[in-house]
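Novice: Sequence and predicted structure below; questions after.
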Amino acid sequence: MRIKRIDVGEMQIPLVTPFKTSLRTATHVDDIIVRVVSDDGLCGFGEAAPTAVITGDIKPSIRGAIEEVIAPSLVGMDIEDIDGVSRKLRTCILKNTSAKAAVDLALYDLYAKSLGKPLYKVLGGGSREVETDITISVDTIDKMVADSVKAVAEGYRILKVKVGKEGIKDVDRIKAIRDAVGDAVVIRVDANQGWNAKEAVRIIRKLEDADLNIDLVEQPVSAHDKAGMIYVTANSSIPILADESVFTPEDAIDIIKSRAADLINIKLMKTGGIYEALKIAAIGEIYNVPCMMGCMLESKISVSAGAHLAGAKGIINRADLDGPGLCSIDPYEGGPEFNAGMIILNETPGIGIESVPCFTD
């Protein structure tokens with residue numbers, strides 16, 4: 001079964017509420033969608049999120065990379081040689097991880113469909129249930145408390161609270177949210193590189209002293225400040241999660257061996273898709289470092305692929321796959337069920353997506 005063509009489309013989906021971090025504000029998921037079509041008519045779907053402040057990718061660059069380089073390099077290759085196709089995808093163009101991710105996900109979707117199995121089983125896993133957190137955007141304390149209470153009422157048991165814009169005042173945000181939702185709710189804190197190292201340690205110590213039972217602190221300092229990450233990790237009893245600091249398997253090894261973090265966040269838009277993400281998961285297993293499966297501001301296609309990977313690998317014991325929960329509509333047919341904080345993986349082949357509106361033929 002060979003790759004006949006690779007189609008590129010776009011989807012824009014409004015969010016329920018604006019998505020705000022220390023790096024950006026967004027009101028829509030505005031992504032590139034990919035369809036890989038085989039010579040026997042099967043289709044696989046993938047998605048790329050243009051997150052310029054993290055990956056450096058924008059929609060025109062993603063589309064250009066796929067249409068001008070990636071598609072011509074892959075058309076005609078045998079989809080059953082998933083390793084060979086994946087290696088060709090990885091080497092045909094430098095960087096452009098979001099473009100690679102979109103095509104990679106479509107390839108793995110198509111490969112699993114060719115085998116007639118859901119992707120998580122093809123990847124070797126047996127767990128159909130993945131629990132995700134929900135993001136609480138950085139805002140006024142009252143708004144963040146209200147959003148947290150609403151999320152818990154909807155059934156979410158894990159909150160990922162965005163901070164990083166007002167330094168030590170972020171402690172007040174976390175305290176107010178903890179008081180409002182009670183002790184049973186898991187709280188994760190994500191600074192999105194918003195603090196410097198000494199500031200991060202001061203804030204984390206305040207969180208520790210207040211006994212707020214924080215599950216983890218994600219990317220407290222700049223992605224390129226490894227010395228700062230090492231300092232924060234060494235001076236925190238709360239686990240530190242490396243996100244923007246880890247794009248590649250080599251990054252993961254470096255962060256783990258230098259003790260710059262306790263946990264690794266795998267995101268398909270950073271790794272360039274499942275092929276490289278599997279390597280990071282394997283590194284986590286080797287070093288006994290747990291991983292989180294995360295996402296950018298993505299819709300159901302790529303988040304479903306991430307959920308299948310999380311269901312397949314035991315070392316991935318946390319998930320931040322809330323993209324579909326942030327969207328005001330679900331424009332796709334098929335795929336996993338997203339029931340508040342619980343994702344139930346499909347038993348249909350591939351990632352389960354059957355229809356995408358931007359492809360009508």
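Specialist: Perfect, I can see it now. Residues are numbered from 1 along each chain as shown.

Novice: what's the single longest strand in this protein?
Specialist: For the chain, the strand with the greatest residue count under DSSP state E is strand 3-20.

Novice: Provide the count of other residues in contact range of Asp320.
Specialist: By other CB atoms under 10 Å, 25 other residues sit near Asp320. C-beta here means a position set from N, CA and C on the backbone, and glycine is covered the same way.

Novice: For the residue lying closest to Val138 once chain neighbours are set aside, give me its contacts.
Specialist: Nearest residue to Val138, sequence neighbours excluded (CB to CB, 6 or more residues apart in numbering): Lys162, at 4.2 Å. Residues near Lys162 by CB atoms under 8 Å, 6 or more residues apart in numbering: Lys20, Thr21, Ser22, Thr135, Ile136, Ser137, Val138, Asp190, Asn192.

Novice: Out of those residues, which one has the weakest pLDDT?
Specialist: Least confident of those in the model: Ser22, at 82.

Novice: and that one, which of the three is it?
Specialist: For Ser22, the secondary structure call by DSSP: H, G, I helix; E, B strand; the rest coil comes out as coil.

Novice: residues contacting it?
Specialist: Neighbouring residues of Ser22 by CB under 8 Å, 6+ apart: Val138, Lys162, Val163, Gly164, Lys165, Ala191, Asn192, Gln193, Gly194.

Novice: closest to Tyr108 among those?
Specialist: Within these, the smallest distance to Tyr108 is 28.3 Å, found for Asn192 (CB to CB).

Novice: Excluding its own residues, what touches stretch 327-347? List them.
Specialist: 11, 13-16, 29, 118, 120, 127-134, 154-158, 299-301, 304, 307-308, 311, 319, 321, 324-325, 348, 351-357.

Novice: Return the distance of it from the chain's centre.
Specialist: Relative to its chain's centre, stretch 327-347 lies at 15 Å (CA atoms, centre = their mean, to the nearest Å).

Novice: residues of it that come out buried?
Specialist: Residues of stretch 327-347 classed as buried: Cys327, Tyr332, Gly334, Gly335, Pro336, Phe338, Ala340, Gly341, Ile343, Leu345, Asn346 (neighbour count, 16 or more other CB atoms under 10 Å).

Novice: which pair in these spans the largest distance?
Specialist: The span of the buried residues of stretch 327-347, defined through CB to CB, is set by Gly334 and Gly341 at 20.9 Å.

Novice: From Thr135, how far off is the residue nearest to Val138?
Specialist: Distance from Lys162 to Thr135, counting by CB to CB, to the nearest Å: 6 Å.

Novice: Give me the common contacts of those two.
Specialist: Common neighbours of Lys162 and Thr135 (CB under 8 Å, 6+ apart) are Asp190.

Novice: Let me see the backbone angles for the nearest residue to Ser127 once chain neighbours are set aside.
Specialist: Ranked by CB to CB, 6+ apart and with sequence neighbours excluded, the top spatial neighbour of Ser127 is Gly311, at 4.6 Å. Here is the backbone geometry of Gly311 (degrees, to the nearest 10): phi -70, psi -20.

Novice: dump the residue contacts of Asp251.
Specialist: Asp251 sits next to Ser245 when contact means CB under 8 Å, 6+ apart.

Novice: Please, which helix or strand holds it?
Specialist: helix 249-257 (DSSP states H and E).

Novice: And the closest residue to Glu80 other than its chain neighbours, how far from Asp40?
Specialist: Nearest non-adjacent residue to Glu80, counting by CB to CB, 6+ apart: Met1, 6.1 Å away. Distance, Met1 to Asp40, by CB to CB: 6 Å.

Novice: Of these two, which one has the most company?
Specialist: The neighbour comparison of Met1 against Asp40 (other CB under 10 Å) goes to Met1, with 15 against 10.

Novice: I figured that one hits Val37, correct?
Specialist: No - if you go by CB atoms under 8 Å, Met1 and Val37 don't touch, sitting 10.7 Å apart.

Novice: now Ile351, nearest residue through space, not along the chain?
Specialist: Computed as CB to CB, 6+ apart, the closest residue to Ile351 that is not its neighbour in sequence is Ser304, at 4.4 Å.

Novice: hang on, the earlier thing: can you flag which of the buried residues of stretch 327-347 belong to strands?
Specialist: Gly334, Phe338, Ile343.

Novice: Contact partners for the residue nearest to Glu80?
Specialist: Met1 makes contact with Ser38, Asp39, Asp40, Leu42, Asp78, Ile79, Glu80, Ser114 under the criterion CB under 8 Å, 6+ apart.

Novice: As a markdown table, the residues you listed with distance to Lys226 would be great.
Specialist: Below are those laid out as a markdown table (distance: CB to CB, whole Å):
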| residue | distance to Lys226 |
| --- | --- |
| Ser38 | 43 |
| Asp39 | 47 |
| Asp40 | 48 |
| Leu42 | 44 |
| Asp78 | 41 |
| Ile79 | 39 |
| Glu80 | 40 |
| Ser114 | 42 |
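
Novice: List the ones among those that fall in strands.
Specialist: Judged by DSSP E, those include Ser38 as members of strands.

Novice: Mark which of the contacts of Met1 are buried, thanks.
Specialist: With burial judged by 16+ other CB under 10 Å, the buried subset of the contacts of Met1 is Ser38, Leu42, Ile79, Ser114.

Novice: Just list whatever residues bridge to the residue lying closest to Glu354 once chain neighbours are set aside.
Specialist: In space, Glu354 comes closest to Gly334 once its chain neighbours are excluded; the distance is 3.7 Å by CB to CB, 6+ apart. Bridge pairing for Gly334 (DSSP bridges) gives the partners Ile353.
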